[in-house]
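[1] Here's a sequence, model it:
(2 chains)
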Amino acid sequence: MILGRLIGTVWATRKNPRLENRKLAIVRPYFWYNPSHDIEHVVAVDQVGAEIGQDVLVCVGQPGRWVAGDYRSPIEASIMAIVDRVEIAQRACEDATVPFVLRQDFRPATLEWTP
Amino acid sequence: MRLGRVVGAVWGGKEAASLGQRKLLQVQPVKLLPGTGAKVVEAGAEDQELSGGLVVALDMLGAGIGEYVLIAHGSRVRDLTIGPDLPTKDVVIAIVDSCHVDRELLTVTPQEAA
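    As a prediction, this is how the structure comes out:
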C-alpha cells in the first residue's frame, strides 16, 4: 500500500474495455520503502470517491485488482481509503537503519509527530 | 499504472512470432514538477516535463507519436490484456484525452500553506 496525495485526474476514451466507467486519479506518494528510488506518480482507479488534495491509500498489484472488484481488469493500483490522520514517530525518521525515506517538501496534510 | 508520452516506435527486423501486427512504442514517463496553477496535459501539446527513463511498451489501441498514454506494468497485466504468449511487461492500456494536475499540491502541505 502507498500513502500519497491525490493531485490530479485523467480522462481517456480509447482504453481497455475493462477500464470503462472507471475514475482514474493521479497520486503522488509521500514516502517509499522499496524500491528505494523516488516514485514520481502512480495512476490509480478511484473506488472511494476521493477529491483532489486529499490523502489517500493506494493498493498496488493483484490486491489492487480485487479492490476494483474485477480481477480480470488490467488495473495495477486502486485507491482503497481516504486518510484522516497520519502519525509518524520522530525516532524512526532519525534512525538510519529504518529503510524509510520521507520527502522534505512534500508531507501528508494530516501528519502528526510522536516521539 | 503510469502516465507517459509516446516519443517513437520500435521496429525489429526479426520479431517474436507472437507479436503479430501489434506495435512497440517508446514511451517516456511524465515528470510532475511543482509550480503554480494547473498543469493540463493534452495530445499534441508540447511538454518538456518528461523523465529520463524510456519504456518500450506494447500497444494494442493504436496510439500515435506525441500522444499521452497510460501504461501498466507486470506479467499479470500482460496476461489479462494480450495473453501469456508475448515476452513483454509494459502494455499501453489507455490513450489519454486530457489530464489535469494541480501543481500547487506538489510541494507544501495545505497546513503549511495556511
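
[2] ok, which stretches of chain B are helices?
    Using DSSP state H, the helices of chain B run over B:75-81, B:110-113.

[3] With respect to those helices, which exhibits the lowest mean confidence?
    When the helices of chain B are compared by mean pLDDT, helix B:110-113 comes last with a mean of 50.

[4] quick one: buried residues of the longest strand anywhere in chain A?
    Assignment by DSSP state E gives strand A:2-15 as the longest strand of chain A. Judged by neighbour count using 16 or more other C-beta atoms under 10 Å in any protein chain shown, the buried positions of strand A:2-15 are A:Ile2, A:Leu3, A:Gly4, A:Arg5, A:Leu6, A:Ile7, A:Gly8, A:Thr9, A:Val10, A:Ala12, A:Lys15. The C-beta positions use only the backbone N, C-alpha and C, and glycine is treated the same way.

[5] Check stretch A:71-89 too.
    For stretch A:71-89, a neighbour-count test (16+ other C-beta under 10 Å) marks A:Ser73, A:Pro74, A:Ile75, A:Glu76, A:Ala77, A:Ser78, A:Ile79, A:Met80, A:Ala81, A:Val83, A:Ile88 as buried.

[6] Does at least one residue of that stretch sit close to chain B?
    Yes - against chain B, stretch A:71-89 shows contacts by C-beta under 8 Å from any C-beta of the partner chain at A:Arg72, A:Ser73, A:Pro74, A:Ile75, A:Glu76, A:Ala77.

[7] Can you dump the C-alpha atoms of that stretch in PDB for me?
    Taking C-alpha atoms only, stretch A:71-89 is exported to PDB below (Å, rounded to 0.1, in the frame of the first residue of the first chain):
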ATOM      1  CA  TYR A  71      -9.800  -9.400 -11.000                       C
ATOM      2  CA  ARG A  72      -9.500  -9.700 -14.800                       C
ATOM      3  CA  SER A  73      -9.000  -6.000 -15.400                       C
ATOM      4  CA  PRO A  74      -5.500  -4.700 -16.200                       C
ATOM      5  CA  ILE A  75      -5.600  -2.400 -13.200                       C
ATOM      6  CA  GLU A  76      -2.400  -2.100 -11.200                       C
ATOM      7  CA  ALA A  77      -3.400   0.300  -8.500                       C
ATOM      8  CA  SER A  78      -6.600   1.300  -6.700                       C
ATOM      9  CA  ILE A  79      -7.400   3.900  -4.100                       C
ATOM     10  CA  MET A  80      -8.800   1.900  -1.200                       C
ATOM     11  CA  ALA A  81      -9.200   4.600   1.500                       C
ATOM     12  CA  ILE A  82      -9.200   8.300   2.300                       C
ATOM     13  CA  VAL A  83      -6.800   9.100   5.100                       C
ATOM     14  CA  ASP A  84      -8.000  11.100   8.200                       C
ATOM     15  CA  ARG A  85      -4.700  11.200  10.200                       C
ATOM     16  CA  VAL A  86      -1.100  10.100   9.800                       C
ATOM     17  CA  GLU A  87       1.200   9.700  12.800                       C
ATOM     18  CA  ILE A  88       4.900   9.100  12.400                       C
ATOM     19  CA  ALA A  89       7.400   8.500  15.200                       C
END
